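Enquirer: My questions concern the predicted model and sequence given below.
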Amino acid sequence: MDFVQVLRDEFMGRFGERLRIEDVDHAKRGCHLDITASGVDIEEAASVMDGLGFTLEAISGIDWPAEEAMELVYDFNKMAEGGRIAIRVRVSRERPEIASISKIYGGANWYEREAHEMFGIVFSGHPNLTPLVLPEDATFHPLRKDFSA
Amino acid sequence: MSVDATTIQGETFVVNMGPQHPATHGVLRIKLTMDGEYIMNAEPVIGYSHRMQEKMAENRTYSQYFANIGRIDYVGAMIYNFGYACAVERLAGIPVPERAEYIRVITSELNRIASHLLWFGPFIIDLGGLTPLLYAFDDREGILNLLESVSGARLTFSYFRFGGVCNDIDDDFVAGCRAFISRMRERLTLYRRLVTDNIIFRKRVEGIGVIPPEICRKYGATGPVLRGSGVAYDVRKDEPYSIYPLLDFDIPVFGECDSMARYRVRMEEMNQSLRMIEQALDKLPSGPFMAEKVPRILKPPKGDCYFNVEGARGSFGIRIVSDGTEIPYRLKLRTPCFANLSLFEEASRGMLLADSLALLGSLDLCIPDVDR
Amino acid sequence: MEKQTSPPSALIRFAVLDKVLALGRANSLWPMTFGLACCALEMMATGASRFDISRFGAEVFRPSPRQADLMIVSGTINKKMAPAILTLYDQIPEPKWVIAHGNCAISGGPFVFPGQYSVVEGADKLFPVDVYIPGCPPRPEALLEGILKLEEKITGRRRWPIVEGG
């Protein structure tokens, strides 16, 4: 996967020590590169991916109450040329906040709304952070581990 | 929105389409800001079919969750079974015997044809033609009979197990498949003469609902929506799984980006699925249909993995995070209809309302797949 | 059990006319197109050519509740959707009937678990239901049997023989 190498070089060049890039076996983990990028501006990372022609496939939220953190996994994929990259970012569980990438990827709009309503993560710069799947007046965040109706 | 002669003269009004509407294929609500017959903004409001699939994954064991997986995209449930079974097998390292792989592919491709037939009927109804639904459903009953004989269910299958399938296929099934394939090939010719070459139909879909490939990329659209916009991405070819590398099939791609292109992609996909089923039946090996020594209560090792398959509507991905217990820690469902619907707002600006229904129908939505 | 026919049409009841009206209503039920989830597909299959609900007079699926008299609740009822369903039920003119089609409409189906936040556990939490059809999803034959049971409820007699198993 040549562009995976290109991506690796681009990311290392731009962000250097703030990243941890893991080459993973696609057959075991389902992606080609797993990048842990907690100290990195996610907007910049997303614009790098956009510039290289990747598609944003999913934004998954994971709640880690034992580690007082919430994790967001951004799955990128380069359609028709193959190549799946996962970028992981951790935010604090008490005040989960991260920049929104909805200006770069239009699809992120709905994914971020969903992560907000399910976990309570605030995406600053998002044009319309209202519940998407839950009722409009919902104030609870169901996918948090401490939630029960 | 710029102020020009049309907006000065007229008033815009807001119309609600749904959540109960015959053309939204489920409980979808679209808030339309209209200027006469033209759509200024169409905002889909979803969540009327939210069934907590991701939260339920944290309350069910891995095996119990098969019942939920069949109900996410209930039209293509076999393929979703496939994705989930493979994701857990990838995480837990469970091998699958060869016969089981062939059975999985045969039943999944039959389900894909059934799903496309189910899309075909209501799509033509949205455009005003009520008859093709009856033909499509008749063919679909043939497939459902076959699938019911092996899995016991007509619609929401839970046929797969970790390490194989729960039931073997017999000679009656194979003979039934072959008879179905030859009948379906004639029916596809019938559909071409009845619908595809029909001038009324073509006027309704050609040039309507153009989605450029750049919008598809920004919103993550996959499946026939992406292939109808000229991008040759199919998970079965790009990230092949199971025995798809051993089968000879083409990926239909059309570059016109309109509703007709998406329609033609799906009709041709039915043809290709028939080819795949034929080849798989010819090559079907004997052997076990289930791996040995798969624990009844499965506890995959800690870690996470992603697996995606080509669903009938696009790329269906599952991200499983396991903490070593028999209940998943987190299960993220990346469903194709969610991404496909998210581009509707941008793609439908300035369209006539009737044309936007052609666009909505050609996206092939299944609303519980959007809401999960 | 007393032979209860349709609800009283007015203060004045005409016995034989009521029976005729009941027969007419039972044999031309007009369902509303109200598929919520998976059961909706079995409802569509019942209306299609193989199972043919038109034999029993009920093939005219009306999108507008004002023109329907039967609401077949097929699929899971959501808390977000519940106000809309109630509005639709209110908009159907009397006499009206409700069939709860599938496990989700009967009791929430497979989506009930401790701590669930989104599913209304059954259509009868919102309005009275006449016939319950269990299954997930029930076969089209089950829906037809449910329609026949509703006809029996409306007219007081069952016109079609009960199919014995075997």
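Expert: Received it, and whenever you're ready, just let me know what you need.
Enquirer: contacting residues for the residue in the stretch 101-250 of chain B positioned nearest to chain C?
Expert: Of all residues in the stretch 101-250 of chain B, B:F137 sits closest to chain C, with a separation of 3.6 Å (CB to the nearest CB). No exception for glycine: its C-beta is placed from N, CA and C like everyone else's. The neighbourhood of B:F137, defined by CB atoms under 8 Å, 6 or more residues apart in numbering or on different chains, consists of B:117-118, B:121, C:44-45, C:48-50.
Enquirer: go on, B:R266?
Expert: B:R266 makes contacts with B:116, B:119-120, B:224, B:364, as judged by CB under 8 Å, 6+ apart.
Enquirer: Tell me how far it lies from chain A.
Expert: Using CB to the nearest CB, to the nearest Å, one gets 18 Å for the distance from B:R266 to chain A.
Enquirer: Ok, C:C104 next?
Expert: 18 Å.
Enquirer: and after the helix or strand hosting that residue, which helix or strand comes next?
Expert: When secondary structure is defined by DSSP states H and E, C:C104 falls within helix C:103-107. Tracing the chain past helix C:103-107, the next element assigned as helix or strand by DSSP H and E is strand C:131-133.
Enquirer: just checking, what packs against whatever helix or strand comes next after that following strand?
Expert: Moving toward the C-terminus from strand C:131-133, the next helix or strand (DSSP H and E) is helix C:140-155. For helix C:140-155, the packing partners by 3 or more CB pairs under 8 Å, 6 or more residues apart in numbering or on different chains; DSSP states H and E come out as helix C:15-27, helix C:39-47, strand C:97-101, strand C:131-133.
Enquirer: Between helix C:15-27 and helix C:140-155, find me the angle.
Expert: With axes from the mean of the first three to the mean of the last three CA atoms, to 10 degrees as the basis, helix C:140-155 and helix C:15-27 are set at 170 degrees to each other.
Enquirer: What are the contacting residues of helix C:140-155?
Expert: Helix C:140-155 has contacts (CB under 8 Å, 6+ apart) with C:5-6, C:19, C:22-23, C:25-27, C:29, C:42-43, C:45-46, C:50-51, C:53, C:56, C:58, C:70, C:72, C:97, C:99, C:101, C:130-135, C:138, C:158-160.
Enquirer: Pull out the buried residues from these.
Expert: Buried subset of the contacts of helix C:140-155 (neighbour count, 16 or more other CB atoms under 10 Å in any protein chain shown): C:5-6, C:19, C:22-23, C:25-26, C:29, C:42-43, C:45-46, C:51, C:53, C:56, C:58, C:70, C:72, C:97, C:99, C:101, C:130-133, C:138.
Enquirer: Now narrow those residues to whatever sits close to chain B.
Expert: With CB under 8 Å from any CB of the partner chain as the criterion, the members of the buried ones among the contacts of helix C:140-155 in contact with chain B are C:42, C:45.
Enquirer: Pull the helix or strand harbouring the residue of the stretch 101-250 of chain B closest to chain C out as CSV, backbone CA atoms only.
Expert: Take DSSP H and E as the rule and B:F137 turns out to sit in helix B:132-151. Presented in CSV, the C-alpha positions along helix B:132-151 are these (Å, rounded to 0.1, in the frame of the first residue of the first chain):
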residue,chain,number,x,y,z
PRO,B,132,-43.9,-4.1,-11.2
LEU,B,133,-44.2,-4.5,-7.4
LEU,B,134,-46.3,-7.6,-7.9
TYR,B,135,-43.9,-9.2,-10.3
ALA,B,136,-40.9,-8.3,-8.0
PHE,B,137,-42.6,-9.7,-5.0
ASP,B,138,-43.5,-12.9,-6.8
ASP,B,139,-39.8,-13.5,-7.6
ARG,B,140,-38.9,-12.6,-4.1
GLU,B,141,-41.2,-15.2,-2.7
GLY,B,142,-39.2,-17.8,-4.7
ILE,B,143,-36.0,-16.6,-2.9
LEU,B,144,-37.7,-16.5,0.5
ASN,B,145,-38.9,-20.1,0.1
LEU,B,146,-35.3,-21.2,-0.5
LEU,B,147,-33.9,-19.3,2.4
GLU,B,148,-36.7,-20.4,4.7
SER,B,149,-36.0,-24.0,3.9
VAL,B,150,-32.5,-23.6,5.3
SER,B,151,-32.8,-21.0,7.9
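Enquirer: need the helices and strands packed on helix C:140-155 in JSON lines with distance to B:N167 and mean pLDDT, can you?
Expert: Shown next, in JSON lines, are the helices and strands packed on helix C:140-155 (distance: least, CB to CB, whole Å; pLDDT from 0 to 100):
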{"stretch": "helix C:15-27", "distance to B:N167": "41", "mean pLDDT": "85"}
{"stretch": "helix C:39-47", "distance to B:N167": "22", "mean pLDDT": "89"}
{"stretch": "strand C:97-101", "distance to B:N167": "27", "mean pLDDT": "93"}
{"stretch": "strand C:131-133", "distance to B:N167": "26", "mean pLDDT": "94"}
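Enquirer: among these, which is nearest chain A?
Expert: helix C:39-47 (19.5 Å).
Enquirer: The next helix-or-strand element following the closest one: how far from the chain's middle?
Expert: Elements were assigned by DSSP H and E; along the chain past helix C:39-47, the next helix or strand is strand C:70-74. Here the centre of mass of C-alpha atoms in strand C:70-74, compared against the chain's by CA atoms, centre = their mean, to the nearest Å, lies 4 Å away.
Enquirer: Show me which helix runs longest in chain A.
Expert: Longest among the helix segments of chain A by residue count, using DSSP state H, is helix A:2-15.
Enquirer: Show me the contact partners of it.
Expert: When contacts are defined by CB under 8 Å, 6+ apart, helix A:2-15 is touched by residues A:19, A:21, A:32-33, A:35, A:37, A:40, A:44-45, A:48-49, A:52, A:78, A:81, A:83, A:85.
Enquirer: from memory B:R330 sits against B:V321, does it?
Expert: Yes: counting by CB atoms under 8 Å, B:R330 does reach B:V321; the two are 4.1 Å apart.
Enquirer: Between the two, tell me which one has more neighbours.
Expert: For B:R330 versus B:V321, the count of surrounding residues by other CB atoms under 10 Å in any protein chain shown is larger for B:R330: 22 against 19.
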